[in-house]
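Enquirer: here are the coordinates; sequence isn't available:
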Ligand SMILES: Nc1nc(=O)c2c([nH]1)NC[C@@H]1CN(c3ccc(C(=O)N[C@@H](CCC(=O)O)C(=O)O)cc3)CN21
Ligand SMILES: O=c1ccn([C@H]2C[C@H](O)[C@@H](COP(=O)(O)O)O2)c(=O)[nH]1
């Protein structure tokens, strides 16, 4: 049975049973009809996914993992902020008149910084350190750039990855300041699991644990009945992820190098609205 389902069920039950509503507060997000989008939340959730055991994808409803991977490659490989370079329309509501999300996500990962060995962007520095200095405790990215926040379409939610080598295993911590549980929690988990798998393969390590640290884990008011419905279902076994083993350069990975074998999920026909 997929562990990602169990973690989702536990997190959501905890939020709905013990969480705190922000109904009396002024909130930023809105529903499409202009109504404030309130949430119930728990602050400080930590989930561990052992990628050696199984690929952490949910079966309670389908996770559109290829679209999630497409967004991840847009951010980490293309280092793009241009929504025309995405195959899905998930960022359309936050784009400016030029069709970009400003200095957010991919833009920040493409900015070069000075090191003793020369100039690197954050992704290339991670790759360099994993290959040349795997004992380092300084292998991390952080896109929460305060001086650029005013030029971002939305402030980064999943904002930092810390990579760390133990023996021949590469582990990582994903830090996320804000998590829309129903829309994007498994979306983000599959994305950063795939990132860890690609980074490990490109640098000669085995992918180990993804530790997901969430600050504000919330369920939007209009999602509560949908989540209640979803978590009643019986989790199915996790599918098997097949990765083309011939790729050893992070920038050569494409969506076609990944396959999920036997991804069996429950149909969920109700649309999950996204708060803007
Ligand atoms: N309120 C909110 N929640 C989010 O999860 C979120 C934002 N805002 N703003 C920025 C990005 C955009 N993200 C999104 C937005 C939409 C989907 C979405 O519609 N997912 C569909 C499938 C998409 C597809 O067809 O590929 C889903 O059913 O999961 C996913 C992530 C995550 N982020
Ligand atoms: O990768 C992502 C991007 C965004 N989210 C969610 C989390 C929140 O519900 C909104 C952002 O609103 P803030 O007021 O800036 O926190 O988007 C996500 O879960 N995952």
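Expert: Done, it's in. What you see is a predicted model, and the numbers here were worked out from it, not measured in a lab. Numbers count the residues shown, from 1 in each chain. Ligands and ions are numbered 1, 2, ... in the order given.
Enquirer: which element follows the lengthiest strand in the chain toward the C-terminus?
Expert: For the chain, the longest strand by residue count, based on DSSP state E, is strand 206-220. Counting by DSSP states H and E, the next helix or strand C-terminal to strand 206-220 is helix 224-230.
Enquirer: counting contacts, what elements does that following helix pack onto?
Expert: Where contact means 3 or more Cβ pairs under 8 Å, 6 or more residues apart in numbering; DSSP states H and E, helix 224-230 is packed against helix 3-18, helix 181-203. C-beta: built from backbone N, CA, C; applies to glycine.
Enquirer: Pick out the residue of the stretch 1-150 of the chain closest to ligand 1.
Expert: In the stretch 1-150 of the chain, the residue that lies nearest ligand 1 is residue 67 (3.1 Å; Cβ to the nearest ligand atom).
Enquirer: Can you tell me the SS state at that residue?
Expert: helix (DSSP: H, G, I helix; E, B strand; the rest coil).
Enquirer: Surely it touches residue 90?
Expert: Yes. In this structure residue 67 lies within contact range of residue 90 using Cβ atoms under 8 Å: 7.1 Å.
Enquirer: What parts of the stretch 151-276 of the chain come near ligand 2?
Expert: 154-155, 157-158, 178-180, 184, 188 (Cβ under 6 Å from any ligand atom).
Enquirer: what sits against the residue of the stretch 1-150 of the chain closest to ligand 1?
Expert: 87-88, 90 (Cβ atoms under 8 Å, 6 or more residues apart in numbering).
Enquirer: I'd like the residues you listed as TSV, with secondary structure appended.
Expert: Converted to TSV, the contacts of residue 67 look like this (three-state DSSP):
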residue	secondary structure
87	coil
88	coil
90	coil
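Enquirer: Which among those residues count as buried?
Expert: residue 90 (16 or more other Cβ atoms under 10 Å).
Enquirer: restrict the contacts of residue 67 to contacts with ligand 1.
Expert: Checking these against ligand 1 (Cβ under 6 Å from any ligand atom), the matches are 88, 90.
Enquirer: in this structure, which spans are helices?
Expert: 3-18, 65-76, 106-110, 122-132, 181-203, 224-230 (DSSP state H).
Enquirer: what residues does the fourth one touch?
Expert: Residues outside helix 122-132 that contact it (Cβ under 8 Å, 6+ apart): 76-77, 79, 108-109, 111, 113, 115, 117, 120, 136, 138-143, 161, 163, 165, 170, 199, 202-205, 250.
Enquirer: Please repeat the previous calculation with a cut-off of 7 Å.
Expert: The contact list for helix 122-132, computed with Cβ atoms under 7 Å, 6 or more residues apart in numbering, reads 76, 109, 115, 120, 136, 139, 141, 163, 165, 199, 202-203, 250.
Enquirer: next one: the first one
Expert: Outside helix 3-18, the residues within contact range by Cβ under 7 Å, 6+ apart are 40-42, 45, 47, 54, 56-60, 181, 185-186, 189, 217, 219, 224, 227, 231, 235, 238.
Enquirer: do it and ligand 2 meet at all?
Expert: No. Figure legend: helix 3-18 not in contact with ligand 2 (Cβ under 6 Å from any ligand atom); closest approach 12.6 Å.
Enquirer: For that helix, buried residues please.
Expert: Buried, per 16+ other Cβ under 10 Å, within helix 3-18: 3-5, 7-9, 11-12, 15-16.
Enquirer: any chance of these in JSON lines, with distance to ligand 1 and pLDDT too?
Expert: Shown next, in JSON lines, are those (distance: Cβ to the nearest ligand atom, whole Å; pLDDT from 0 to 100):
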{"residue": "3", "distance to ligand 1": "19", "pLDDT": "98"}
{"residue": "4", "distance to ligand 1": "14", "pLDDT": "98"}
{"residue": "5", "distance to ligand 1": "15", "pLDDT": "98"}
{"residue": "7", "distance to ligand 1": "17", "pLDDT": "98"}
{"residue": "8", "distance to ligand 1": "13", "pLDDT": "98"}
{"residue": "9", "distance to ligand 1": "17", "pLDDT": "98"}
{"residue": "11", "distance to ligand 1": "15", "pLDDT": "98"}
{"residue": "12", "distance to ligand 1": "15", "pLDDT": "98"}
{"residue": "15", "distance to ligand 1": "15", "pLDDT": "98"}
{"residue": "16", "distance to ligand 1": "18", "pLDDT": "98"}
